[in-house]
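Chemist: heads up, no residue letters with this:
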């Protein structure tokens, strides 16, 4: 297990990762706005899927396993649902809202949003992808 907090070089990399979450959050918020306005398109969908896929693959490495869990579940749901937000956009807004909450918490508190692992929306998302 990597001890991110005791090695100054690793801590610097972790801080850079946490700082990058603000950019990812902004991208997500732009996509959520497009869904809410019914203005999303396949390029937007692909862009946010890349975002969640990258988060799913990296967040745990930096000490954010819950962020990985949420991102991976959304990535799986996006892969399984050919219609994406064009289908049940209320459901998708809930999923992206959960990721938004996780990102905001991670940015603000700078630790994994472990409490979200028990969120009812998280349980719904996991159930939908398995």
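Modeler: Structure received. Everything numeric here is computed off the predicted structure, so don't read it as measured data.
Chemist: any idea of the mean pLDDT in stretch 109-122?
Modeler: Stretch 109-122 carries an average pLDDT of 88.
Chemist: Can you list the buried residues in it?
Modeler: Across stretch 109-122, burial judged by 16 or more other C-beta atoms under 10 Å covers 112, 113, 116, 119, 121, 122. Where you see a C-beta, it was placed from the backbone N, CA and C, and this is true even at glycine.
Chemist: could I get those as TSV with distance to residue 98 and secondary structure?
Modeler: Formatted as TSV, the buried residues of stretch 109-122 follow (distance: C-beta to C-beta, whole Å; DSSP: H, G, I helix; E, B strand; the rest coil):
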residue	distance to residue 98	secondary structure
112	14	coil
113	10	coil
116	7	helix
119	6	coil
121	5	helix
122	6	helix
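Chemist: Closest one of the residues you listed to residue 48?
Modeler: For the buried residues of stretch 109-122, the residue nearest residue 48 by C-beta to C-beta is residue 121; the value is 17.1 Å.
Chemist: quick one: the nearest residue to that closest one once chain neighbours are set aside and residue 42, what's the gap?
Modeler: In this structure, residue 121 finds its nearest non-sequential neighbour in residue 98, 4.7 Å apart by C-beta to C-beta, 6 or more residues apart in numbering. Distance check for residue 98 against residue 42: by C-beta to C-beta, to the nearest Å, it reads 23 Å.
Chemist: Next: residue 118.
Modeler: Residue 118 is 34 Å from residue 42, by C-beta to C-beta.
Chemist: what's the answer for residue 63, then?
Modeler: 34 Å.
Chemist: Check residue 100 too.
Modeler: Distance from residue 100 to residue 42, by C-beta to C-beta: 22 Å.
Chemist: Would you mark the buried spots in the helix ranked longest in the chain?
Modeler: With secondary structure taken from DSSP state H, the chain has its longest helix at helix 8-37. The neighbour-count check on helix 8-37 (16+ other C-beta under 10 Å) flags 14, 17, 18, 21, 24, 25, 28, 31, 32, 34, 35 as buried.
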